[in-house]
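Asker: Got a predicted structure plus its sequence, pasted below:
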Amino acid sequence: MPAPTVVVAKQNNALQIYALDDLAARSGLEIGLPLANARAICPELTVFDADPVADAKTLGDIADWCDRFTPLVALDPPHGLYLDITGCAHLFGGERALLQTLCGALTRRGFVVSADIAGTSICARTMTRHASGKIIADGEEADAVGPLPVSALGADSAITSGLRRAGLKTIGDVAARARHEITARFGAGFTTLLEHSLGQGDAPISPRKPLPDYIVEKRFPEPVATDTVIAINLSSLAGMLVTAMDKQGKGARRLEASFFRTDGAVRNITVDTGRPVTRPEVIDRLFRERLDALNDPLDPGFGFDLIRLSASRTEIVVQQQRDLDANVHDNDELAALIDRIAARIGGKRVVVHLPQDTHIPERAVLAVSAQHHLAAATQAAWPDRIASEPPLRPLRLFERPEPINVPFASVPDGPPHQFTWRRVTHAVVRVEGPERIAMEWWKQNGEALTRDYFRIEDAEGLRFWIYRDGLYEGELKSDEEGEPVLPKWFVHGLFA
Amino acid sequence: MTGARMSTLASLRGRIERIEAGADTHALHKVALGHAEADATLCGGLARAAVHEVFAEGHQGAAATGFIAGLAGRVTSRRPLVWVRQDFSEIESGALSMSGLAELGLDPRLLVTVRAADADAALRTAADALACDALGAVVLEVWGEPRQLDLVASRKLTLAAQASGVTALLLRLAATPQPSTAETRWIVRAAHSPPSAPWHAWGAPVFDAELVRNRHGPVGRWIMEWKCDECLFSEPAANPQPLAATPAHRPHQAAAYAGQRRAG
């Protein structure tokens, strides 16, 4: 015979029952009872620790699965879900059939589920506390919730016990009183809750995800599991999505594919694009790239029974004349290539460069995502180079300047004769400099010292950009013993 | 008998020529580098729609980068350039600086950088980019000798380049040449600055470029100077230095002083 099972959590420094099963409830245990008392009542108790994080995750997974019924799913923690099925029920053969499908599927997976359909979310929630599988028609809310105890409303325990002490046992009793009395005693919030449960007014639910602009989906009576079939279906969905968007002159900037597995797991895959996509082949290709590059590949398990493709961000497409202006066409192809690469290796890894208005070498250029800033980057105004000058800035720049060892300089402010970088000593043959770059004192980097940059060529012909951190007079002070502080030298870049 | 065999051979040769001509429609386009001798050796210049490799030792990375940037500048002709590089190469030899690229006379507006995590991703991205015919060139910068970059990968890049007409430039840092299907292969080292105006201690970038493989012609070794203003390679104005490496026993101090004096 299975033992009664309870879940305990620590509250007020004592382990109390947090949840229990039917068997435990029948033995006389209840939520909130200290564990010691429970053990005294029922010695053969099986005890688990509560894990609210795992609970929340499970609820989230169930909500993901519920996305198959409607895109509007809201969480009602700790263990409730609202589904707005307005306009969805007919797809599943009516409200009753939908309710049966949902309850049946969740029960088969071992969840105890209580679900009801009503005109307002609060009314439905109140009903689930005491009965499952009911459908409350419009206008019958008051009759349906009337006989239920006040605890079903889910108000604060203080309010519930206050109502009980006042002799108001059922929701019907409370509803019979004048509203202003209830408000005076229990607050306006409770009155609103009561009215909503009676079907007078409705609070909007807050769905977990924003409603996508366009959704297309395909259900499979026989689950699909092979890559080829999945790919074919995805491309036909892409075609449907584009047709839907095309009617309103829209293109997709963010696409989301959801794969619903037969065992309830849902996998969402998102693809961002740099400019609105209007061609099914492009969508198809982007998803192929993305699916190929997934770290944990799409696992069909026993197959997917629903594949959904949605455009969660769209933009109006401006049709461009491209016959004569080849440049526009080129940029389009480049943007498509950038999208494909970004889908494969991530949008942050494909960058274009924008000049910045600063003379600090490492901040002079900003690398930004190519998907979002391609147009800005192709129009950026770069400072002109000075004609007939050799390059003034190195071709390769170290993100962090690398320290070098300089034995001595001919004059304190002068360039070194030789230096050691990465354990190799370089003899300085030609020097140009210094180019003095002072830090931006008007910004919050008071620590930074003025740098004297030297362009240096060594005996081999290698060219370096090195600098001394700090000026001798002014910035580099003597330490406590009166010894002068030696400046630090760095290699910041390499010239071609 | 012999005559029949000869005619068979001749007809086969003819067929192969036709096939090769069909595959190499883009190969006819060549871009002159500007260095007369090198252009003569390359029969007119660097072939578009082909793979060119530039090898350099680790510490010569910047020189090789400058050389390949020059090749890219010659080949792209105002079309976008995609530069694919590996994370490790950035740590080892520094990130490609846009200011530096602009100083070389190239346009940073036309550059898209792809920061691939490893050689595998870099190679794949480069092959993808090569298929896009809107580009002028694709530079693939790889550090060391990853095993993925073998003859098969090289063949794939060549085919992609031929199909789209985009030039592939491989920058191989800290690597030694291996068999590949590249059209040309260069080994690049830094060379000394050309003597310039007395108020300059140094001048334009100068490369010691050794052409070690040329599929359709002889090889050679030249000192090339990059003219930043014209975006062109050229012979160094006057090359006082011998091609041989500088003697290692040269006293450092004297040379350093000489440089400084020239700097004024």
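Answerer: Structure received. Numbers count the residues shown, from 1 in each chain, chains lettered A, B, ... in the order given.
Asker: Count the neighbours of residue A:193 for me.
Answerer: Applying other Cβ atoms under 10 Å in any protein chain shown, we find 20 residues neighbouring residue A:193. Yep, even glycine has a C-beta here, placed from its N, CA and C like the rest.
Asker: Tell me the pLDDT of residue B:54.
Answerer: Confidence at residue B:54, expressed as pLDDT, is 95.
Asker: Can you report phi and psi for the residue in the stretch 1-150 of chain B positioned nearest to chain A?
Answerer: Residue nearest to chain A within the stretch 1-150 of chain B: residue B:66 (2.2 Å; Cβ to the nearest Cβ). Per-residue torsions, residue B:66: phi -60, psi -40 (degrees, to the nearest 10).
Asker: How about it, nearest residue that isn't a chain neighbour?
Answerer: residue A:496 (2.2 Å; Cβ to Cβ, 6 or more residues apart in numbering or on different chains).
Asker: how close does the closest residue to chain B within the stretch 201-350 of chain A get to residue A:349?
Answerer: Taking Cβ to the nearest Cβ as the measure, the stretch 201-350 of chain A has residue A:333 as its residue closest to chain B, at 3.7 Å. Applying Cβ to Cβ, to the nearest Å, the value for residue A:333 to residue A:349 is 20 Å.
Asker: neighbour count winner among these two?
Answerer: residue A:349 (20 against 14).
Asker: so the more buried one sits right up against residue B:114, yeah?
Answerer: Yes. Between residue A:349 and residue B:114 a contact is recorded at 6.3 Å, counting by Cβ atoms under 8 Å.
Asker: what do these two both touch?
Answerer: Taking Cβ atoms under 8 Å, 6 or more residues apart in numbering or on different chains as the contact rule, residue A:349 and residue B:114 both touch residue A:341.
Asker: hmm, stretch A:421-431 touching chain B?
Answerer: Yes. For stretch A:421-431 and chain B, the contact criterion (Cβ under 8 Å from any Cβ of the partner chain) is met by A:424, A:427-431.
Asker: Going along the chain, name the helices of the stretch 51-200 of chain B.
Answerer: Ranges of helices within the stretch 51-200 of chain B are B:61-76, B:87-93, B:98-103, B:119-130, B:151-164, based on DSSP state H, counting those that start in this stretch.
Asker: so can I have a markdown table of these showing mean neighbour count?
Answerer: A markdown table is the format used below for the helices of the stretch 51-200 of chain B (neighbours: other Cβ atoms under 10 Å in any protein chain shown):
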| stretch | mean neighbour count |
| --- | --- |
| helix B:61-76 | 26 |
| helix B:87-93 | 18 |
| helix B:98-103 | 25 |
| helix B:119-130 | 23 |
| helix B:151-164 | 18 |
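Asker: would you list these in JSON lines and tack on mean pLDDT and distance to residue A:189?
Answerer: Below are those laid out as JSON lines (pLDDT from 0 to 100; distance: least, Cβ to Cβ, whole Å):
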{"stretch": "helix B:61-76", "mean pLDDT": "93", "distance to residue A:189": "67"}
{"stretch": "helix B:87-93", "mean pLDDT": "89", "distance to residue A:189": "55"}
{"stretch": "helix B:98-103", "mean pLDDT": "92", "distance to residue A:189": "58"}
{"stretch": "helix B:119-130", "mean pLDDT": "91", "distance to residue A:189": "55"}
{"stretch": "helix B:151-164", "mean pLDDT": "92", "distance to residue A:189": "66"}
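Asker: Kindly reformat those as a markdown table containing distance to residue A:362.
Answerer: A markdown table is the format used below for the helices of the stretch 51-200 of chain B (distance: least, Cβ to Cβ, whole Å):
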| stretch | distance to residue A:362 |
| --- | --- |
| helix B:61-76 | 17 |
| helix B:87-93 | 13 |
| helix B:98-103 | 10 |
| helix B:119-130 | 24 |
| helix B:151-164 | 33 |
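Asker: among the ones you listed, which is nearest residue A:215?
Answerer: helix B:119-130 (29.9 Å; Cβ to Cβ).
Asker: for that closest one, packing partners?
Answerer: helix A:326-345, strand B:81-86, strand B:111-116, strand B:137-143, helix B:151-164 (3 or more Cβ pairs under 8 Å, 6 or more residues apart in numbering or on different chains; DSSP states H and E).
Asker: Contacts for the longest one next, please.
Answerer: Residues from elsewhere that reach helix A:326-345, judged by Cβ under 8 Å, 6+ apart: A:271-275, A:277, A:282, A:285-287, A:289-290, A:292-293, A:320, A:322, A:349-350, A:369-371, A:374-375, A:378, B:79-80, B:82, B:112, B:114, B:116-117, B:121, B:124-125, B:128-129, B:132-135.
Asker: Let me see the mean pLDDT of it.
Answerer: Helix A:326-345 comes out at a mean pLDDT of 79.
Asker: mind showing which ranges of the chain have poor pLDDT?
Answerer: Using chain A here. Where chain A drops to pLDDT under 70, the residues are A:1, A:319-330, A:409-410, A:444-446, A:473-474, A:477-480.
Asker: not what I meant, chain B
Answerer: Scanning chain B for pLDDT under 70 picks out the ranges B:1-2, B:20-28, B:195-201, B:238-264.
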